[in-house]
Structures are given as structure tokens and as C-alpha cells.
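Trainee: kindly return the folded structure for what I paste below:
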Amino acid sequence: MVKTPIRNKMGTGVPAEDEIEQHFIDAFARLQSGKPKDKGLQTHAKRGTLRITVTSVAKEAGHSRTLIGHKGCRYPNVRDRVMALKSNPDTPTRMQDVVTKRREEAAKLRRQLALAQTQNATLLARVMELNAALSNQKRKSERLQKGKPTNIFVIPTKP
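Mentor: So this is what the prediction gives:
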């Protein structure tokens, strides 16, 4: 009988070895989405203090942390994924940090938008000013053209 590999939600491209690894993978995905099943972790998620660590992943999966807690562990793929998330300072591990980062990004984008709107208003005013000057020049040119016949050419005479 051929055992079909369990689908891996971690996106690593490596299928889960067994059911326990799949539990860890599912737990990791739930923690990343901020929706753990464990009551204690749910409390942390509601407070915005949920951190994704080896211990929290093991607790959420319902297995011992020693299965993913050291270099020679049984499930190195899961451990590597948790460690990669932990070592990347740009990826916040607490929901509170995520919210703070998003608010900072939103404030920065609002400032950029305000600057762009100011620049657009300045450019629009300049375009309107140039259009008005062009209209004035066209009117002057038309007035000058009305006074002169257009089919008569002046031939210069020799002195």
C-alpha cells in the first residue's frame, strides 16, 4: 500500500512526513493567522500579545516542544520555519506589533498622499495660469491679424 503524502500548509514544498508533523504545520498556520484553538493562546491573541515560538507552536499542536525545540529534533522543517520567522526582524511575531507596524505604514502613506495632492494642486494652478496667458496671446494675435489683409505682400524696394 502506497502512503500518500499529507498536504503541507507551510509553503516549503516538502510534504509532511506524518500526522504529528501535520499537526505542527496546522498549528503554525493558525498562529500566523492569529486564530489559535488553545485557550491560553486565544487569550494572548485577543490581547495582541501572541508570539510565534517553538513553545507556542508545540502548545497549539498539542505535542511536546522537544519534537521541534532543538537542532537535532524530529521535525526540522517546522523548527526551521519557526526560527526563520523569529530571526527576521521585519516580520513581527505579536499581533500588537503587526497592528503598530500597519498604523505606521498607514501614517506614512497618508503623508505621501498629502504631499502628492499639494504638488498636484500647485501644478494645476500653474497649468491654469499658462492657459490664461496663452488665451491672452491668441486674442492679441487675432486682433493684430484682423487689421491687416492676409493676401497682400510688401515688396521691398531698392534704395
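Trainee: dump stretch 96-107 to CSV, restricted to CA.
Mentor: The C-alpha atoms that make up stretch 96-107 are tabulated as CSV, following Å, rounded to 0.1, in the frame of the first residue of the first chain:
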residue,chain,number,x,y,z
GLN,A,96,0.2,44.1,18.7
ASP,A,97,3.4,44.6,16.7
VAL,A,98,1.6,43.9,13.5
VAL,A,99,-1.0,46.5,14.3
THR,A,100,1.6,49.1,15.3
LYS,A,101,3.6,48.4,12.1
ARG,A,102,0.4,48.7,9.9
ARG,A,103,-0.5,52.0,11.6
GLU,A,104,3.0,53.4,11.0
GLU,A,105,2.7,52.4,7.3
ALA,A,106,-0.7,54.0,7.0
ALA,A,107,0.5,57.2,8.5
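Trainee: how deep is residue 70 tucked in, by neighbour count?
Mentor: A total of 12 residues lie near residue 70 under the criterion other CB atoms under 10 Å. Every C-beta, even on glycine, is put in place using the N, C-alpha and C of the backbone.
Trainee: with adjacent residues omitted, what lies nearest to it?
Mentor: Spatial nearest neighbour of residue 70, chain neighbours left out: residue 79 (7.9 Å); criterion: CB to CB, 6 or more residues apart in numbering.
Trainee: following the chain past whichever helix or strand that neighbour is part of, name the next helix or strand.
Mentor: Element membership of residue 79, judged by DSSP states H and E, is helix 76-87. Read in the C-terminal direction, the helix or strand following helix 76-87 is helix 95-147, with elements assigned using DSSP H and E.
Trainee: flag every buried residue along stretch 75-90.
Mentor: Within stretch 75-90, the residues that qualify as buried by neighbour count (16 or more other CB atoms under 10 Å) are 75, 77-79, 81-82, 85.
Trainee: helices or strands next to the helix or strand of the chain with the lowest mean pLDDT in the packing?
Mentor: Within the chain, confidence by mean pLDDT, DSSP states H and E is lowest for helix 76-87 among all helices and strands, at a mean of 84. Of the remaining helices and strands, those touching helix 76-87 by 3 or more CB pairs under 8 Å, 6 or more residues apart in numbering; DSSP states H and E are helix 19-33, helix 54-61.
Trainee: check the gap between residue 32 and residue 136 for me.
Mentor: Distance from residue 32 to residue 136, counting by CB to CB, to the nearest Å: 64 Å.
Trainee: those two: which has the busier surroundings?
Mentor: Legend: neighbour count by other CB under 10 Å for residue 32 and residue 136, higher for residue 32 (16 against 10).
Trainee: thank you, goodbye.
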